[in-house]
Every structure is written in structure tokens, then in C-alpha cells.
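A.B. asks: After the sequence you'll find the predicted model.
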Amino acid sequence: MGIVEIVVFVNILIYYVAPCIFFTFTIIFVIIPLFFSTGKAKKYLQEALACERVGNYNKAIELYTKGLSINSSRVITFNLYFYRGTCYRKIGDSNNELKDLSTAISREEREFRPQYISYYERGNTYMSLGRYNDAIEDYEMSYRLCSNASDLNEMYAVVNGKNGIAYKMLGDKKNAKSHLEQALKNPEVLALEERQLFQNTLNELSR
């Protein structure tokens with residue numbers, strides 16, 4: 001075999017054979033295992049949600065954690081962190097709740113879910129931890145990310161109400177009253193419990 005033939009042969013290997021080998025390797029050792037592991041992680045997610053619905057929160061957290069121990073798709077991993085975070089809230093573990101929701105936000109992509117929900121939930125976590133400035137920041141981010149017209153009015157009212165309470169806790173009565181008044185401009189979009197909370201807080205500030 002002459003020099004020319006060797007060069008041609010090497011080029012064929014580089015440009016045709018090597019990519020095929022790499023593609024086959026990727027399919028066998030990356031994509032297929034990820035497909036099966038994602039299915040297993042999704043099963044843990046579904047089982048955890050079922051446990052959470054019946055109030056078995058510790059078991060749900062155990063299942064979310066098992067799901068996170070498996071290499072799976074980005075969307076499943078995001079949901080495992082998000083729902084484990086909100087489940088920690090139900091057992092009063094605010095620190096782990098904050099860690100998981102922050103991790104979920106860092107992994108979130110636009111197509112996963114309406115993005116404002118994650119920031120809103122973390123805002124609630126910050127409120128429970130007494131980190132009111134951080135809560136205000138997340139609530140406002142949730143409103144900015146809320147692009148669904150049917151949700152927009154509700155989020156505007158809820159975010160203003162929650163921020164009003166946060167400002168009250170910070171001792172800023174002026175901003176607290178202003179935000180609560182904005183929240184109560186459309187009381188029909190609020191849940192009864194929220195409407196009563198915001199109104200009672202505003203009445204307290206107005207005394």
C-alpha cells in the first residue's frame with residue numbers, strides 16, 4: 001500500500017468510520033441507559049407524589065431522594081427537586097426546602113413549567129425563614145415571569161399581598177399598606193383565605 005492509499009484510508013477512518021463508532025457508543029452506553037434510568041426515576045417521582053397526596057410526607061421524601069440518586073432526564077430531575085422541596089415544607093423543614101427549591105430554580109428551563117411558580121414557592125420559603133427582602137425579590141420575579149394572561153391578574157394580587165405582609169414585617173408600613181391596597185383592588189381573583197389575610201393585615205396597619 002502506497003502513501004496515497006494510506007492517506008485515503010486514514011481519512012476514511014477519520015471522517016466516516018470514527019463518527020459511526022462514536023454514534024454507536026453514545027447510543028449503547030449513554031442514551032439507552034439514560035432512557036431506562038429516566039423511566040425508573042419517573043416511577044419514583046409518581047410514587048412519591050402519590051404518597052404526598054395521602055399525607056405520607058416522609059415516605060414521599062424518601063422516594064424523591066431515591067429518584068435523585070439515579071441519572072435521569074433534566075425535566076425529571078427538576079421535578080424531583082421541586083416537589084421534594086415543597087414536601088419538606090409540609091414537615092416544617094424550611095432549610096432543606098430552600099436548598100431544593102434553589103436547586104430546582106438553577107436547573108429550570110422555560111419549557112419545564114411556568115417559571116414563576118418556582119420563584120413564588122421559594123418566596124414563601126423565604127417568608128417562613130424571616131428573610132423578607134429575599135421573599136420580596138422572589139415574589140416580584142414570579143410576577144415578571146408570569147406571562148399567562150389568566151394568571152397575571154391573580155399573580156399581581158397575590159404578589160402584592162405577600163409583599164405587603166413582608167414589608168409589614170420589615171416595619172415599612174407605607175409600602176405595606178400600598179401593596180395590600182393594590183392586592184385588594186381585585187379581591188375576586190384571590191382565594192378566600194388570602195383575601196381575609198390581606199384585608200385583616202391592612203386593617204391592622206390602618207388602626
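C.D. replies: Good, I have the coordinates.
A.B. asks: Work out for me the element residue 66 sits within.
C.D. replies: Element membership for residue 66 (DSSP states H and E) is helix 57-68.
A.B. asks: From the contact counts, what lies against that helix?
C.D. replies: helix 32-53, helix 74-90 (3 or more C-beta pairs under 8 Å, 6 or more residues apart in numbering; DSSP states H and E). For every residue, glycine as well, the C-beta is placed using N, CA and C.
A.B. asks: show me where this protein has helices.
C.D. replies: Secondary structure of the chain (DSSP state H): helices located at 3-12, 18-26, 32-53, 57-68, 74-90, 94-107, 116-128, 132-145, 149-169, 173-183, 192-206.
A.B. asks: circling back to that earlier point, for the helices and strands packed on helix 57-68, give me a markdown table that also has distance to residue 115.
C.D. replies: Shown next, in a markdown table, are the helices and strands packed on helix 57-68 (distance: least, C-beta to C-beta, whole Å):
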| stretch | distance to residue 115 |
| --- | --- |
| helix 32-53 | 20 |
| helix 74-90 | 11 |
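A.B. asks: For this protein, which residues score under the pLDDT cut-off?
C.D. replies: 1-39, 109-114, 147-150 (pLDDT under 70).
A.B. asks: thinking again about what came up before, so which of the helices and strands packed on helix 57-68 is the most packed in?
C.D. replies: Counting by mean count of other C-beta atoms under 10 Å, helix 74-90 has the highest mean neighbour count of the helices and strands packed on helix 57-68, with a mean of 21.
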